[in-house]
Each structure stands twice: as structure tokens, then as C-alpha cells.
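A.B. asks: Sequence first, then the predicted structure, then my questions.
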Amino acid sequence: MTSLTLELQQVSVYYGNQAAIEQASLSVRAGELMALVGPSGCGKSSLLASINRMTDGIPGCRVSGTVLLGGDALSASQDAATLRRRIGMVFQQPNPFPLSIIDNLRFPLAEHGVPRRERDRRAEQVLRAVGLWEEVKGRLSQSALGLSGGQQQRLCIARALVLEPQVLLLDEPCSALDPVSSKVVEELIVSLKGRYTLLMVTHNLAQARRIADSVTVCWMQEGCGCVVESNACHLVFEHPSHPITAAYCAGAAG
Ligand SMILES: Nc1ncnc2c1ncn2[C@@H]1O[C@H](COP(=O)(O)OP(=O)(O)OP(=O)(O)O)[C@@H](O)[C@H]1O
Ligand SMILES: [Mg+2]
């Protein structure tokens, strides 16, 4: 599959009567990486989770607005499992299934009806893509929980990629990792540009500045989150158009 533009038009996420983020709009070009930054609690994870409808399972959570993939609006009536095949997600805490390394990849392939004879070939392909193959090829049937944190996170990225999504959502994918593993995962994310459209929440402004093509800055205003600026990375950091962006991003200067 090829990467597609991901666009959000005035997306709001509510928990009960309380908005976590309101009227958020942004556009990630096909194959580019956008960083989503902003202080804790301004609704970044909620916004990300709403894109592939992870919010469906939260009682009292309601989402409004439009998500477009390749210019086509996603329908709320579309089956969420099918949507998540197109839009994969990776979380802050590596969360491999408590299964063997290879079964972490076979399982989603089986769930989505990929024929048995193709599963191991696809699994090897993604393990190579995330740079894990050489490290794990001799222990594929051992538990994934025995891997290091950084290896687990690369396995989770592999698990998201094995279904060949067009978009990958990443919620602080490096922040639970030690500096060396964080760098390996960051380099992996950079290597995915072009083939996938990437939207990544990060608290690490220096990381956003290093690797993002564009940046969206969220902020709390009147008790709920909103987008204050969404632009090319160099413009956000060097010529911010909003004083909040200027003050916030000053932390990444130099
Ligand atoms: N399941 C939930 N039920 C009720 N309120 C929630 C739920 N999840 C998040 N919230 C609230 O929504 C708001 C935004 O939370 P969210 O986790 O999206 O912020 P965030 O920007 O990702 O923060 P952080 O940077 O700390 O991860 C917060 O006030 C939070 O308490
Ligand atoms: Mg969050």
C-alpha cells in the first residue's frame, strides 16, 4: 500500500461533558512525519486515539469532526478493525502480546485472514524492516516479554506494520526507553518516512526538531486543549506565528 495524506478537520474529543480537545485541524502530507507537541493534559493522546477510533471503547467518550485519508472522509459506520488495518498505532509503553516473538506477528496476520503460508514471510520482512531480525532470528519462539524495552518497542512497531497500514500513529514511542534504545527507535521512525504517513506525539522538542517535517502545537485554553499552530517544522521553530509557540519551542532552541 502507498502512504496517503491524513487530514483532521475540526476534530473534538469529549469525555462526558468535558472537552479534552476542541476543533483540532491539521494535515500530514503523504509519507511525512508530523510531531504533535504540547503540555501534559492538552488532549494529544485523545486526539491521536480518536483517529483510528481507539476512543470507541471508552464509555462516555464522544468524537466529532472529520478525518480524511487520501482526501476521502472516513465513515463512522466503517468497521473499526478494518480502519485500524489502514491506521496503525504504537503506544508509549511497549505492549507486546504475552506470546512468542513470532506469534506477536502471526496473530494479527491470522486475525486479518492472511493465509498461513504467507505469515512467516511477512513476519520476517517486518522484523528486518525494524532492524530486529538479526537480533531475534535464533529465538523467534521465545516470549516477546523477554526482549529489552527497546526491542519490545521495535516489535510493537513491526506488529503495527505487518498489516501494511498507510498511516502510523505513535504516542510518545521513545519516552519510556533508555537513551540508546530511544535513538534506535527514533532512527527506525525516520526510516519509515516515505512509505508511511506518520503522526507522533512527543514531549521531546529536540526530537521533534530533529526528525519532524511538520509540527502541530496544542495548548490548554479555557480548560480544554486546542491547536495553536500547525506548520512546517522549520517555521514552527524558527518563525513561530503564535506567541505560545514561540515561548514553548524556545526550549528546543540551540
Ligand atoms: N478515559 C478518560 N476518561 C476521562 N477523561 C479522560 C480520559 N482520558 C483522558 N482524559 C482527560 O482528557 C484530557 C486530555 O488527556 P490526554 O491524555 O489526551 O492528554 P495528553 O496531552 O496526551 O497528556 P500527556 O502529555 O500527559 O500524555 C485530560 O484532562 C484527561 O484527564
Ligand atoms: Mg498523552
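C.D. replies: Cool, the structure landed. Numbers count the residues shown, from 1 in each chain. Ligands and ions are numbered 1, 2, ... in the order given.
A.B. asks: In this structure residue 198 contacts residue 189, no?
C.D. replies: Yes: using CB atoms under 8 Å, residue 198 is in contact with residue 189, at 6.7 Å. Backbone N, C-alpha and C define where each C-beta goes, glycine included.
A.B. asks: Give me the more crowded residue out of the two.
C.D. replies: Taking other CB atoms under 10 Å, residue 198 and residue 189 do not tie; residue 198 has more neighbours (26 against 23).
A.B. asks: would you say the more buried one is within a strand?
C.D. replies: Yes: looking at residue 198 with DSSP: H, G, I helix; E, B strand; the rest coil, it is inside a strand.
A.B. asks: Okay, and the beta partners of it?
C.D. replies: Beta-bridge pairing of residue 198 under DSSP bridges involves residue 33, residue 168.
A.B. asks: residues touching it, list them.
C.D. replies: 28, 32, 33, 34, 167, 168, 170, 189, 192 (CB atoms under 8 Å, 6 or more residues apart in numbering).
A.B. asks: I figured the fourth one hits residue 28, correct?
C.D. replies: Spelled out, it's residue 34. Yes: proximity of residue 34 to residue 28 meets the contact threshold set by CB under 8 Å, at 4.3 Å.
A.B. asks: Between the two, point out the one with more neighbours.
C.D. replies: residue 28 (25 against 22).
A.B. asks: From residue 13, how far out is the more buried one?
C.D. replies: Residue 28 is 18 Å from residue 13, where distance means CB to CB, to the nearest Å.
A.B. asks: Over to residue 234?
C.D. replies: 29 Å.
A.B. asks: Give me the more crowded residue out of the two.
C.D. replies: Comparing residue 234 with residue 13 by other CB under 10 Å, the one with more neighbours is residue 13, at 26 against 13.
A.B. asks: Am I right that that one is in contact with residue 42?
C.D. replies: No: counting by CB under 8 Å, residue 13 stays clear of residue 42, with 11.4 Å between them.
A.B. asks: Mutual contacts of the two, please.
C.D. replies: Joint contacts of residue 13 and residue 42 (CB under 8 Å, 6+ apart) are residue 21.
A.B. asks: just to revisit the earlier point, for residue 34 and residue 28, list the residues in contact with both.
C.D. replies: 198, 199, 214.
A.B. asks: Can you add distance to ligand 1 and give these back as TSV?
C.D. replies: Formatted as TSV, the shared contacts of residue 34 and residue 28 follow (distance: CB to the nearest ligand atom, whole Å):
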residue	distance to ligand 1
198	17
199	13
214	18
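A.B. asks: got the residues you listed as TSV, with pLDDT columns?
C.D. replies: Formatted as TSV, these follow (pLDDT from 0 to 100):
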residue	pLDDT
198	98
199	98
214	98
